[in-house]
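Undergrad: Sequence below, structure please.
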Amino acid sequence: MRKIYIFDTTLRDGEQSPGVNLNRSEKVEIALQLERLRVDRIEAGFPAASPGDSAAVRAVAGAVKGSTIIGLSRSRVQDIDAAWEALKGAQDPCLHLFLASSPIHRKYKLKMEKHQVLETAEAAIRYARKYFGKVEFSPEDAGRTELDFLCEVTAMAIRAGATVVNIPDTVGYLYPAEFGNIFKTLKENVPGIENIQLSAHCHDDLGMATANALAAILNGADQIEGTVNGIGERAGNTAIEEVAMALHTRQDFFQAKTGLQLDEIARTSRLVSKLTGMVVPGNKAIVGANAFAHESGIHQDGMLKEKTTYEIISPETIGLKESKLVLGKHSGRHAFREKLIDLGYDLAEDALNAAFAKFKDLADKKKEVGDEDIRALLDEKLVSIPEAFTLETMQVSYGNQSVPTATVRIRTLDGELFDEVAIGNGSVDAIYKAIDKVTKEEVELGDYSIKSVSHGKDALGEVHVVLRQNGIAVSGRGISTDILEASAKAYVHAVNRLLDKRSSQTAARNNVTLI
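TA: Got it, this is the predicted structure:
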């Protein structure tokens with residue numbers, strides 16, 4: 001059965017999602033999980049964009065041994081040199097070069113004629129091959145490029161030494177029949193096409209990313225590029241878990257498979273959601289909370305008689321397990337440790353002690369602590385950024401005939417305590433204004449959302465906020481059985497992330513259009 005290689009760009013294209021900012025340690029953590037997922041190729045970032053991105057790519061290159069590590073580069077010598085400096089320590093480095101090829105990009109962005117595009121790309125590929133044994137070339141916006149010129153570009157890339165030619169539907173414009181035909185045409189008309197791998201990179205602007213990726217596979221694509229949970233620029237990218245499970249579930253039709261460790265999918269999805277702050281929609285295919293939920297009485301009846309009546313994928317396949325261990329305030333450390341192992345967490349003793357203390361606090365407030373409660377506590381505890389500010393206490397006064405007032409006590413990194421009080425249009429507004437008085441940061445609240453991470457009247461509430469300041473956007477997350485406390489935690493978390501990002505941002509990213 002034909003193998004389809006998985007090129008994961010969660011750390012590069014995924015990080016281009018508005019509001020997402022991954023620091024170096026978070027990128028390494030995701031990369032190591034992608035390695036456990038057995039992703040073939042990991043695009044770690046765009047080294048020439050900034051010193052911070054270069055350092056993150058270098059860190060990933062040094063940490064990951066089982067996957068090819070890739071850096072993105074424009075077709076410029078300085079970009080290629082920057083990528084080599086970041087990737088030369090990788091066990092298996094690869095360069096991903098791109099240059100736009102469509103008429104609209106040639107005219108308005110590049111201001112180049114066809115021959116100039118060919119000459120520029122060829123020179124870049126040949127220069128890159130002096131350093132890299134593997135070079136992937138992408139004609140950006142290939143989906144809107146004349147088919148005869150795309151054949152010409154692909155033939156040039158093969159002659160120049162590219163080992164992979166990627167066909168991006170950069171703006172999610174094409175439909176499956178159209179996109180599949182591109183691969184069929186290239187396979188039939190480009191000399192030497194059998195000596196390289198063809199790759200597909202699809203965006204989801206019209207909701208066709210996964211369908212287009214599968215159409216490419218049916219027409220000869222050897223590699224699929226995408227992200228975990230389908231995150232990415234604008235409407236996102238192909239979700240790699242959807243492609244992997246489509247091939248697994250319909251092997252009879254596609255006659256192809258990936259090399260992914262499928263039972264790591266759920267854990268990878270949760271990690272990416274946690275660190276990016278991007279909540280997975282409940283109805284998201286494969287990894288959404290409702291993907292294996294059945295509410296209809298007819299469906300439930302069918303499931304009780306035979307699961308395959310309404311379930312084409314077993315939840316165990318992607319690493320989900322039904323819990324048989326119920327935790328509450330009388331549970332001990334042994335039961336708690338076993339539950340963590342069952343959920344896929346392996347904590348050192350100190351981390352376990354801290355998590356157990358948090359669990360005990362929650363168990364005093366809830367009759368029963370479920371799996372999602374445990375995951376929420378662990379996810380909150382495991383995210384590590386410098387805590388310039390820590391919420392110590394808060395008090396809110398509210399009545400439908402009075403002005404909402406909030407008092408907060410916040411501890412700074414040096415241990416100093418500050419108390420502030422503020423009024424607002426509502427309780428949350430008052431809390432945030434009081435926090436602003438302590439931090440003295442002028443920020444814009446770009447987004448505020450609440451969701452329940454467990455069930456019942458005493459459920460844990462999760463608040464997600466996005467703060468913006470001078471072009472920087474960061475997300476924050478807070479969890480508590482009290483939604484006002486969760487709101488305060490999320491806001492303080494976002495402020496800490498803002499300060500962390502601002503202090504590490506030593507150079508502005510280049511203003512470029514990426515694939």
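Undergrad: mind checking which helix or strand of this protein has the lowest mean pLDDT?
TA: Lowest on mean pLDDT, DSSP states H and E among the helices and strands of the chain sits helix 297-305, with a mean of 60.
Undergrad: mind checking how far the nearest residue to residue 54 once chain neighbours are set aside is from residue 217?
TA: Across the structure, with CB to CB, 6 or more residues apart in numbering as the measure, the residue nearest residue 54 apart from its sequence neighbours is residue 47 (4.2 Å). Yep, even glycine has a C-beta here, placed from its N, CA and C like the rest. As judged by CB to CB, to the nearest Å, residue 47 and residue 217 stand 30 Å apart.
Undergrad: More neighbours: which of these two?
TA: Summary of the neighbour comparison: residue 47 and residue 217, criterion other CB atoms under 10 Å, with residue 47 having more neighbours (27 against 23).
Undergrad: And the pLDDT at that one?
TA: The model reports residue 47 with a pLDDT of 97.
Undergrad: Equivalent analysis for residue 356, please.
TA: Spelled out, the predicted local distance difference test score at residue 356 is 85.
Undergrad: same deal with residue 322?
TA: Reported pLDDT for residue 322: 51.
Undergrad: Residue 423 now?
TA: 95.
Undergrad: who does it bridge with?
TA: Residue 423 forms beta bridges with residue 405, as assigned by DSSP bridges.
Undergrad: tell me which residues of stretch 109-117 are tucked away?
TA: Of the residues in stretch 109-117, those scored as buried under the neighbour-count criterion (16 or more other CB atoms under 10 Å) are 110, 112, 117.
Undergrad: I should have written stretch 170-180 there, sorry.
TA: By 16+ other CB under 10 Å, the buried positions in stretch 170-180 come out as 170, 171, 172, 173, 174, 176, 179, 180.
Undergrad: if I look at residue 387, how far off is residue 420?
TA: Applying CB to CB, one obtains 18 Å for the distance of residue 387 from residue 420.
Undergrad: er, residue 156 I mean
TA: Residue 156 is 63 Å from residue 420, where distance means CB to CB.
Undergrad: between the two, who's got more neighbours?
TA: Per other CB under 10 Å, whichever of residue 156 and residue 420 has more neighbours is residue 156, with 20 against 16.
Undergrad: Please identify which helix or strand holds that one.
TA: Under DSSP states H and E, the secondary-structure element containing residue 156 is helix 147-160.
Undergrad: Show me what that helix is packed up against.
TA: The elements that helix 147-160 packs onto, with contact taken as 3 or more CB pairs under 8 Å, 6 or more residues apart in numbering; DSSP states H and E, are helix 114-128, strand 135-140, strand 164-169, helix 176-189.
Undergrad: For the last one, C-alpha coordinates in CSV please.
TA: Taking only C-alpha atoms (Å, rounded to 0.1, in the frame of the first residue of the first chain), the coordinates of helix 176-189 have been written out as CSV:
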residue,chain,number,x,y,z
PRO,A,176,-11.3,18.8,-5.7
ALA,A,177,-11.7,17.9,-9.4
GLU,A,178,-9.6,21.0,-10.4
PHE,A,179,-6.9,20.4,-7.9
GLY,A,180,-6.6,16.7,-8.6
ASN,A,181,-6.3,17.5,-12.3
ILE,A,182,-3.2,19.6,-11.6
PHE,A,183,-1.4,16.5,-10.2
LYS,A,184,-2.6,14.3,-13.0
THR,A,185,-1.3,16.8,-15.6
LEU,A,186,2.1,17.2,-13.9
LYS,A,187,2.5,13.4,-13.6
GLU,A,188,1.7,12.9,-17.3
ASN,A,189,3.7,15.9,-18.8
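Undergrad: what's in contact with it?
TA: 142-143, 147, 150-151, 154, 165, 167, 169, 174, 193, 198, 200, 202, 208, 211-212, 214-216, 218-221 (CB atoms under 8 Å, 6 or more residues apart in numbering).
Undergrad: go on, the longest one?
TA: With contact meaning CB under 8 Å, 6+ apart, helix 114-128 is reached by 73, 75-77, 80, 95, 97, 99-101, 106, 110, 112, 135, 137, 139, 149, 152-153, 156-157, 159-162.
Undergrad: Write a ChimeraX command that selects only the buried members of those residues.
TA: If you want just the buried ones from these in ChimeraX, going by 16+ other CB under 10 Å, the selection is:
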select :73,75,76,80,95,97,99,100,101,106,110,112,135,137,139,149,152,153,156,157,160,161,162
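Undergrad: Correct me if wrong: residue 347 contacts residue 356.
TA: No - counting by CB atoms under 8 Å, residue 347 stays clear of residue 356, with 9.4 Å between them.
Undergrad: What are the boundaries of the helices in the stretch 151-300 of the chain?
TA: For the stretch 151-300 of the chain, the helices identified by DSSP state H, counting those that start in this stretch occupy 176-189, 209-218, 240-249, 251-254, 265-276, 297-305, in order along the chain.
Undergrad: mind putting these in TSV, distance to residue 91 included?
TA: Putting the helices of the stretch 151-300 of the chain into TSV (distance: least, CB to CB, whole Å) gives the following:
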stretch	distance to residue 91
helix 176-189	30
helix 209-218	27
helix 240-249	22
helix 251-254	31
helix 265-276	21
helix 297-305	46
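Undergrad: so which of the ones you listed is the most packed in?
TA: Neighbour counts averaged per stretch over these are highest for helix 209-218, at a mean of 25; criterion: mean count of other CB atoms under 10 Å.
Undergrad: average pLDDT across it?
TA: With pLDDT averaged residue by residue, helix 209-218 scores 98.
Undergrad: repeat for stretch 182-200
TA: Per-residue confidence for stretch 182-200 averages out to 98 on the pLDDT scale.
Undergrad: got the contact list for residue 54?
TA: Residue 54 makes contacts with 45, 47, 48, 82, 85, 86, as judged by CB under 8 Å, 6+ apart.
Undergrad: Quick one: buried ones out of those residues?
TA: Judged by neighbour count, with 16+ other CB under 10 Å as the criterion, the buried members of the contacts of residue 54 are 45, 47, 48, 82, 85, 86.
Undergrad: that older thread, which one of the buried residues of stretch 170-180 is nearest to residue 68?
TA: Sorting the buried residues of stretch 170-180 by distance to residue 68 puts residue 170 at the head of the list, at 22.4 Å, by CB to CB.
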